[in-house]
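K.L.:
Fold the following and give me the result.
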Amino acid sequence: MKKTDETKTAPGASANHAIGKVLQLISFMAGNKSPMRLLDLSTGTGIPQATVLRYLNLLSEEGYVYQDLISGRYALTWKLANLGAMIRSHLSLRSISGDIVTLLYETLSLGICLVIEHDLECMYLDCLYVPDEMGISVARIGRQTPLHATSSGKMLLTQFSEDEIDHLIRQKGLADLTPKTITDKETLMKELDKVRRQGYSMDDEECEEGLRCVAVPIYGQDGKIAAALSAFGSLSRVTYDSIEKTVLPKLRESARQISFRIGGRKPD
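P.N.:
This next block holds a predicted model:
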């Protein structure tokens with residue numbers, strides 16, 4: 001029976017399917033430290049051996065795959081790594097996420113910051129806000145600030161071991177920036193446990209009086225937190241209700257998009 005128009009393969013669908021399978025094969029090979037047999041590649045990807053061999057030959061011709069001269073097994077060359085290095089040299093975390101940060105700022109009408117840990121402090125890679133609209137002092141934004149007193153800092157601290165927290169306290173202390181700042185280790189450790197459980201962190205007038213801030217993680221390739229994305233504003237603008245219903249969903253989606261662009265993944 002001849003295929004009807006409805007059952008025919010859509011134009012380009014076959015090519016798209018093949019591209020997807022090639023990328024699946026590359027990802028599988030990248031996850032293995034040693035050259036692999038054709039059989040193992042087929043079993044691991046679920047792609048027929050003949051098809052895997054065809055893909056390997058094409059990748060080899062383009063310089064992305066080589067075959068071990070002794071074992072006959074296949075592995076990726078450094079060409080992919082070199083391409084990645086080129087991309088990283090051209091695109092910083094700030095530049096690759098700039099449009100996402102800007103759209104989030106315009107959507108929420110709140111201050112938005114992209115933050116990493118550097119020298120045991122928060123370093124703001126990007127921060128969009130209108131000081132006059134905040135109705136508060138944001139003099140610290142754009143500089144390095146204490147990890148323990150900010151929502152982004154707390155998120156970044158969730159990956160610190162207790163020994164690393166002790167080192168932080170010895171080196172930087174737990175300065176009281178406002179009456180609500182956490183200033184003792186026990187309270188800080190409990191707060192970090194809470195952040196790990198709920199998946200987001202808050203700074204409730206702990207860095208600036210009158211300012212409330214919430215942050216979510218951005219994940220790197222290793223599944224660890226590479227940065228934090230935060231939204232902040234006055235207490236009247238950033239209410240607990242708005243955090244739950246609006247701010248957190250938008251923050252999480254933006255953080256997911258940034259994680260995707262840097263090849264990041266959320267740990268299982």
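K.L.:
Please make it C-alpha for all contacts and neighbour counts, starting now.
P.N.:
Will do.
K.L.:
which residues in the stretch 151-268 of the chain form strands?
P.N.:
Taking DSSP state E, counting those that start in this stretch as the test, the strands found in the stretch 151-268 of the chain are 201-204, 211-219, 225-234.
K.L.:
Sheet partners, orientation included, of the shortest one?
P.N.:
So the one you mean is strand 201-204. strand 211-219 (antiparallel) (DSSP bridges).
K.L.:
Give the rounded mean pLDDT of the strand it pairs with.
P.N.:
For strand 211-219, the mean pLDDT works out to 97.
K.L.:
Export that strand to CSV, keeping only CA atoms.
P.N.:
Listed in CSV are the C-alpha atoms of strand 211-219, where the atom choice follows Å, rounded to 0.1, in the frame of the first residue of the first chain:
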residue,chain,number,x,y,z
LEU,A,211,15.8,45.0,50.8
ARG,A,212,14.6,41.5,50.2
CYS,A,213,16.4,39.2,47.7
VAL,A,214,15.9,35.7,46.4
ALA,A,215,18.4,33.5,44.5
VAL,A,216,18.5,30.3,42.5
PRO,A,217,21.4,28.2,41.3
ILE,A,218,23.0,28.1,37.8
TYR,A,219,24.7,24.7,37.2
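K.L.:
mind listing what's buried in that strand?
P.N.:
Neighbour-count burial for strand 211-219, counted by 16 or more other CA atoms under 10 Å, picks out 211, 212, 213, 214, 215, 216, 217, 218, 219.
K.L.:
Quickly name whichever of those residues is closest to residue 162.
P.N.:
residue 217 (19.9 Å; CA to CA).
K.L.:
partner residues bridging the closest one?
P.N.:
Under the criterion used here (DSSP bridges), residue 217 is bridged to residue 228.
K.L.:
Next up, the contacts around it.
P.N.:
By CA atoms under 8 Å, 6 or more residues apart in numbering, the contact set of residue 217 is 155, 156, 199, 200, 225, 226, 227, 228, 229, 255.
K.L.:
Let me have those in JSON lines, extended by neighbour count.
P.N.:
Shown next, in JSON lines, are the contacts of residue 217 (neighbours: other CA atoms under 10 Å):
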{"residue": "155", "neighbour count": "31"}
{"residue": "156", "neighbour count": "29"}
{"residue": "199", "neighbour count": "13"}
{"residue": "200", "neighbour count": "22"}
{"residue": "225", "neighbour count": "23"}
{"residue": "226", "neighbour count": "19"}
{"residue": "227", "neighbour count": "27"}
{"residue": "228", "neighbour count": "27"}
{"residue": "229", "neighbour count": "26"}
{"residue": "255", "neighbour count": "25"}
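K.L.:
and of those residues, the nearest to residue 261?
P.N.:
Once CA to CA is applied, the member of those that ends up nearest residue 261 is residue 255, at 9.9 Å.
K.L.:
now the closest residue to that closest one other than its chain neighbours: how far from residue 115?
P.N.:
In this structure, residue 255 finds its nearest non-sequential neighbour in residue 218, 5.3 Å apart by CA to CA, 6 or more residues apart in numbering. As judged by CA to CA, to the nearest Å, residue 218 and residue 115 stand 10 Å apart.
K.L.:
Quick check: neighbours shared by the two?
P.N.:
By CA under 8 Å, 6+ apart, residue 218 and residue 115 have these common neighbours: 227, 228, 229.
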